[in-house]
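Q: Give me the fold of what follows.
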Amino acid sequence: MVAIIGGEPHRFRPLIDRYRQAGLRAGHSPDQLKVGIHSLGYVAASSTTAANEFFPGYAQSFTEIGRERGWPPMTRAHFDVQLGPTGALLVGDPETVAEKSCE
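A: Numbering: from 1, shown residues only. Just a heads-up that it's a prediction; the model follows:
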């Protein structure tokens, strides 16, 4: 299971490729080397409502985590990027979240 809490999910592909290569070298068959992805999400009646409700707690948590890891405070602009087509967050109305999670 790959936990993606931010960034662009496609950037995690090399990690998955290395996992599969190591598994094959260790003698496992490809069908045994399953991979799952976990992303943070929140669903509301509209995407605007979901983003506005989810942001305060997300910003607080990631600002605290950032202090420990040397990241800058979470801004709304950075959060909004994570909502876009290449971002890791699954936040929005049911249709938007379903479409993004199937990409």
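Q: what comes up buried for the host helix or strand of Gly66?
A: Taking DSSP states H and E as the definition, Gly66 sits inside helix 47-69. Neighbour-count burial for helix 47-69 flags Ser47, Ala50, Ala51, Phe54, Phe55, Tyr58, Ala59, Phe62 (criterion: 16 or more other C-beta atoms under 10 Å). No exception for glycine: its C-beta is placed from N, CA and C like everyone else's.
Q: now the first one, nearest residue through space, not along the chain?
A: So the one you mean is Ser47. Excluding its sequence neighbours, the residue lying closest to Ser47 (C-beta to C-beta, 6 or more residues apart in numbering) is Gly92, at 3.7 Å.
Q: tell me which residues form a beta bridge with the one you found?
A: Val43 (DSSP bridges).
Q: Could you report the distance from it to Ala98?
A: 9 Å (C-beta to C-beta, to the nearest Å).
Q: who has more neighbours, these two?
A: For Gly92 versus Ala98, neighbours defined as other C-beta atoms under 10 Å are more numerous around Gly92 (23 against 12).
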